[in-house]
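Asker: Quick one, fold the following:
(one chain, ligands or ions: 1)
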Amino acid sequence: MPTNPFRTFYVVFTYIIAFTLWWAYLLYAKNETAYTETVELNEIRFRQTNATIDYQSTDDFAKVYSKYKRQKFMILSEGLAFLVLMLLGLLRVRKVFLQEIELAEQQKNFMLSITHELKSPLSSIKLALQTMRKRKLEPDQSERLIGNSLSDIDRLDSLIDNILFAAKIERSETGFSDAETDISELTLHLVQKFYDNKKAIVIDAQIQQGIYMQVDSLAYSSVVINLLENAMKYADANTKVKLRLSTDSSGIIFSVADNGVGIPDDFKTKIFEKFYRIGSEETRSVKGTGLGLYIVKRVTEIYNGRISVTNNQPKGTVFTVTFPQTISASSNN
Ligand code: ADP
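Answerer: Numbers count the residues shown, from 1 in each chain. Alright, predicted model coming up:
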């Protein structure tokens, strides 16, 4: 975190507070002096004509005293209100300042990660094509290279989809083409792509048949793909990822549970922010852009749904999305 802007902020902050306190003190002292001098002067004048009565028991003194009290109260109360308002304002500025710094840091991380995410699959594909051109390969070797290149292309495709989709969500929330969609079938189709994975993760998918939803199929797919992709990325090898799609009285429930690294409580809200990734680009081993969960949350909100994240047992994470729609949901699974 850059320290310079904050040093300036704290200097200005301290100066303003000291400046306010100093002026309040000056006004307060001036009021005290004015009161003492007025009373002394009036007392001298009064004694010249009334030697027997004490000035401090007169109406004139009562008026001077009440004016002094009023001004004292005004200086203290207004000074205090001003100080409190200024402190609140400065704290707010500090908060916005911190948010801006955090966003700038996340954007920097995003640029670093996206450069890597774009370059590494492209380099692998290039290398595969160069190898196939230079050498006469056995059919199974070619098949392996083509398979790897296709999965690199899939990675690039889903990365570009996420970037374009995030931009679309930012531009307008109404740019979706909603249609009655068999999300049971769509989910099953999307899950198929993930079965063959290098970490030997078993996908246990239980999908209730015949669930329809009024939804943009790309938007719904982005929820399934991002949650499943994360589960596969952050789960340990040789574990099981459980995917469930069902309906109940609250609507449509979609959940993905993994036995991976898990998400500490402190980050359970932050992970949905745009570009937010746990750790820094230097310390992270799993690559990503920090856009996935942001997209999932925004899509869920656009369809009036809710998303929650809880701990799985014995370890890992469960993401649950609930959509309040129950269109044509049949239970013939
Ligand atoms: P990305 O995965 O591209 O970094 P996301 O927005 O999808 O971005 O996720 C944000 C962060 O939330 C990730 O960087 C990761 O630290 C954390 N996260 C998301 N899903 C999981 C999961 N299933 N298990 C553990 N951590 C997760």
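
Asker: I'd like the distance between the nearest residue to Val261 once chain neighbours are set aside and Gln106.
Answerer: Closest residue to Val261 apart from its sequence neighbours, by CB to CB, 6 or more residues apart in numbering: Tyr234 at 5.3 Å. From N, CA and C alone the C-beta is placed, and that goes for glycine too. In this view, Tyr234 and Gln106 are 19 Å apart by CB to CB, to the nearest Å.

Asker: again with Arg7
Answerer: Using CB to CB, we find Arg7 at a distance of 23 Å from Gln106.

Asker: For the two, indicate the residue with more neighbours.
Answerer: The residue with more neighbours, out of Arg7 and Gln106, is Gln106; 17 against 10, by other CB atoms under 10 Å.

Asker: can you tell me which residues contact that one?
Answerer: 273-277, 290 (CB atoms under 8 Å, 6 or more residues apart in numbering).

Asker: TSV for those residues, including distance to Leu159, neighbour count and pLDDT?
Answerer: Listed next are the contacts of Gln106 as TSV, based on distance: CB to CB, whole Å; neighbours: other CB atoms under 10 Å; pLDDT from 0 to 100:
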residue	distance to Leu159	neighbour count	pLDDT
Glu273	19	16	91
Lys274	15	19	87
Phe275	14	20	85
Tyr276	17	19	88
Arg277	14	23	88
Gly290	12	19	88
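
Asker: Switch those residues over to JSON lines, and while doing so, append distance to the ligand and secondary structure to every line.
Answerer: Formatted as JSON lines, these follow (distance: CB to the nearest ligand atom, whole Å; DSSP: H, G, I helix; E, B strand; the rest coil):
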{"residue": "Glu273", "distance to the ligand": "8", "secondary structure": "coil"}
{"residue": "Lys274", "distance to the ligand": "8", "secondary structure": "coil"}
{"residue": "Phe275", "distance to the ligand": "8", "secondary structure": "coil"}
{"residue": "Tyr276", "distance to the ligand": "6", "secondary structure": "coil"}
{"residue": "Arg277", "distance to the ligand": "3", "secondary structure": "coil"}
{"residue": "Gly290", "distance to the ligand": "4", "secondary structure": "coil"}
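
Asker: Any chance of CSV for those, columns distance to Leu188?
Answerer: Shown next, in CSV, are the contacts of Gln106 (distance: CB to CB, whole Å):
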residue, distance to Leu188
Glu273, 31
Lys274, 30
Phe275, 31
Tyr276, 31
Arg277, 30
Gly290, 28
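
Asker: Please, which helix or strand holds the residue in the stretch 1-150 of the chain that the ligand sits nearest to?
Answerer: Closest approach between the stretch 1-150 of the chain and the ligand, counting by CB to the nearest ligand atom: Ser113, at 7.5 Å. Here Ser113, judged by DSSP states H and E, is contained in helix 59-134.

Asker: quick one: average pLDDT of the next helix or strand after that helix?
Answerer: Once the chain leaves helix 59-134, the next helix or strand it forms, by DSSP H and E, is helix 139-171. Mean per-residue pLDDT for helix 139-171: 89.

Asker: same question, stretch 110-125
Answerer: 88.

Asker: Please write out the alpha-carbon positions of it in CSV.
Answerer: Extracted in CSV, the C-alpha atoms of stretch 110-125 (Å, rounded to 0.1, in the frame of the first residue of the first chain):
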residue,chain,number,x,y,z
PHE,A,110,-6.2,-8.4,-12.5
MET,A,111,-3.9,-7.1,-15.2
LEU,A,112,-1.1,-9.3,-14.0
SER,A,113,-3.3,-12.4,-13.9
ILE,A,114,-5.0,-11.8,-17.1
THR,A,115,-1.7,-11.4,-18.9
HIS,A,116,-0.7,-14.7,-17.6
GLU,A,117,-4.1,-16.3,-18.3
LEU,A,118,-4.0,-15.2,-21.9
LYS,A,119,-0.4,-15.9,-22.6
SER,A,120,0.1,-19.3,-21.1
PRO,A,121,-2.6,-21.2,-23.1
LEU,A,122,-1.6,-19.4,-26.3
SER,A,123,2.0,-20.4,-25.8
SER,A,124,1.0,-24.0,-25.3
ILE,A,125,-1.2,-24.1,-28.3
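
Asker: What residues sit buried inside that stretch?
Answerer: Buried residues in stretch 110-125, counting neighbours by 16 or more other CB atoms under 10 Å, are found at 110, 113-114, 117, 121, 124-125.

Asker: for stretch 285-298, same thing?
Answerer: Across stretch 285-298, burial judged by 16+ other CB under 10 Å covers 288-298.

Asker: same deal with stretch 44-58?
Answerer: 46, 55.

Asker: and what of stretch 82-93?
Answerer: Across stretch 82-93, burial judged by 16+ other CB under 10 Å covers Leu90.

Asker: Identify the residues contacting that stretch?
Answerer: Stretch 82-93 is contacted from outside by 9, 13, 16-17, 20-21, 24, using CB under 8 Å, 6+ apart.

Asker: From the chain's centroid, how far away is it?
Answerer: 24 Å (CA atoms, centre = their mean, to the nearest Å).

Asker: Let's see that stretch as CSV, backbone CA atoms only.
Answerer: What follows is stretch 82-93, C-alpha atoms only, in CSV (Å, rounded to 0.1, in the frame of the first residue of the first chain):
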residue,chain,number,x,y,z
PHE,A,82,-18.3,21.0,14.0
LEU,A,83,-15.6,18.7,15.3
VAL,A,84,-17.8,15.6,15.2
LEU,A,85,-19.1,16.4,11.7
MET,A,86,-15.6,17.0,10.5
LEU,A,87,-14.3,13.8,12.0
LEU,A,88,-17.2,11.9,10.4
GLY,A,89,-16.4,13.6,7.1
LEU,A,90,-12.7,12.9,7.3
LEU,A,91,-13.3,9.2,8.3
ARG,A,92,-15.6,8.9,5.3
VAL,A,93,-13.0,10.4,3.0
